[in-house]
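Participant: model the structure of this input:
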Amino acid sequence: MLEVYRQISYLVHNSIFTNLPNAALGL
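Facilitator: This is a model prediction of the structure:
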């Protein structure tokens, strides 16, 4: 269960950091 949570949080952080530059360019 803990491993699943770690993978989900890892994916969430990855998507945030990959979408951040796109959002900055969109501004």
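Participant: for this protein, which segments count as helices?
Facilitator: 2-26 (DSSP state H).
Participant: ok, Y5 - how many residues close by?
Facilitator: The local packing of Y5 (other Cβ atoms under 10 Å) involves 9 other residues. (Glycine included, C-beta is placed from N, CA and C.)
Participant: can you pull the contacts of it?
Facilitator: Applying Cβ atoms under 8 Å, 6 or more residues apart in numbering to Y5 gives no contacts.
Participant: let the chain start at 661 from now.
Facilitator: From this message on, residue numbering opens at 661, which makes the last subject Y665.
Participant: read off the pLDDT value for it.
Facilitator: Per-residue confidence for Y665 comes out at a pLDDT of 95.
Participant: please apply the same query to the one 4 residues further on.
Facilitator: With respect to pLDDT, S669 has a value of 95.
Participant: repeat that for T678.
Facilitator: Listed pLDDT for T678 reads 89.
Participant: run a quick neighbour tally on M661.
Facilitator: Neighbours of M661 under the rule other Cβ under 10 Å: 5.
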